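Student: Build me a model from this:
(one chain, ligands or ions: 1)
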Amino acid sequence: MKRALILVDLQNDFIPGGALAVAEGDKVVPIANRLQTAFDLVLATQDWHPANHGSFASQHPGTKPGDVIDLNGIPQVLWPDHCVQGSKGAEFDPRLDVSRIAKVFQKGVDPQIDSYSGFFDNGHRRGTGLAEYLRSRSVTDVYIAGLATDYCVKFTSLDARTLRLNTFVIEDACRGVNLQPGDSATALDQMRAAGVNVVTSDDLVSAAVR
Ligand SMILES: [Zn+2]
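Tutor: The predicted structure is shown next:
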């Protein structure tokens, strides 16, 4: 058994004050730092969009954030411009300890398709390299934390299950967008139904540190 911690999208734009702020998103950063002490392998994903990305409402006249369109055959929720490559908003939160992150996997780089999962784009057309990386290091168990519960955490977890990885979501180390009230709870139910184990940071850090 070999474990990896995957920190999902802990970027300025998803933290309060950012372009696509997740409520209490800042609360998970110190938890993510504490969790890292319990893992030998820490990885991160980074939403990394070109300025003309198709998930941006600004690219579709007459739409607004929250609308759903068809983007090249896939239903797409539209978002405010966020995590544009090279921008401050795309950088990791400055309070995040990045010193132990072995590799960062960027996603959403193709303007024609979004990528919620850290593994594959939303059409499963192209991978980020994360699956191959985990396989090459014989990782069997992945622990997932970050933003947002109902999008990138959820789809990263579901893809991890598809790849037959033992998958754990660290509930208190995630927060959701909740476009509709209850979206995060629904997402956790969907993850559980797919065989994802929902745990807390205390389950992990207390066992490792105490
Ligand atoms: Zn995005």
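
Student: for Lys27, what are its contacts?
Tutor: Arg175 (CB atoms under 8 Å, 6 or more residues apart in numbering). For glycine as for every other residue, the C-beta is placed from the backbone atoms N, C-alpha and C.

Student: make that Thr140, sorry
Tutor: Contacts of Thr140 by CB under 8 Å, 6+ apart are Met1, Lys2, Arg3, Leu165, Asn166.

Student: how about 6 Å then?
Tutor: The contact partners of Thr140, taken as CB atoms under 6 Å, 6 or more residues apart in numbering, are Met1, Lys2, Asn166.

Student: Narrow these to those in strands?
Tutor: Members of the contacts of Thr140 lying in strands (criterion: DSSP state E): Asn166.

Student: In PyMOL, select just the buried ones from the contacts of Thr140.
Tutor: Buried residues among those (16 or more other CB atoms under 10 Å), as a PyMOL selection:
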select buried, resi 166
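
Student: filter the contacts of Thr140 down to the ones near the ion?
Tutor: For the ion, no contacts are drawn from these by CB under 5 Å from the ion.

Student: list the buried ones in stretch 130-148?
Tutor: 130-131, 133-134, 139, 141-148.

Student: Make TSV from those residues and add distance to the ion and secondary structure to it.
Tutor: As requested, those are exported to TSV (distance: CB to the ion, whole Å; DSSP: H, G, I helix; E, B strand; the rest coil):
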residue	distance to the ion	secondary structure
Leu130	16	helix
Ala131	20	helix
Tyr133	21	helix
Leu134	22	helix
Val139	25	coil
Asp141	27	strand
Val142	21	strand
Tyr143	22	strand
Ile144	17	strand
Ala145	18	strand
Gly146	13	strand
Leu147	11	strand
Ala148	10	coil
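
Student: so can I have a markdown table of the residues you listed showing pLDDT?
Tutor: Below are the buried residues of stretch 130-148 laid out as a markdown table (pLDDT from 0 to 100):
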| residue | pLDDT |
| --- | --- |
| Leu130 | 98 |
| Ala131 | 98 |
| Tyr133 | 98 |
| Leu134 | 98 |
| Val139 | 98 |
| Asp141 | 98 |
| Val142 | 98 |
| Tyr143 | 98 |
| Ile144 | 98 |
| Ala145 | 98 |
| Gly146 | 98 |
| Leu147 | 98 |
| Ala148 | 97 |
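
Student: which parts of the chain sit against the ion?
Tutor: Residues of the chain lying close to the ion by CB under 5 Å from the ion are Asp47, Gly108.

Student: can you give me the helices in the chain?
Tutor: 28-36, 130-136, 154-162, 183-193, 201-209 (DSSP state H).

Student: If anything else comes up later, I'll come back, but that's it for now.
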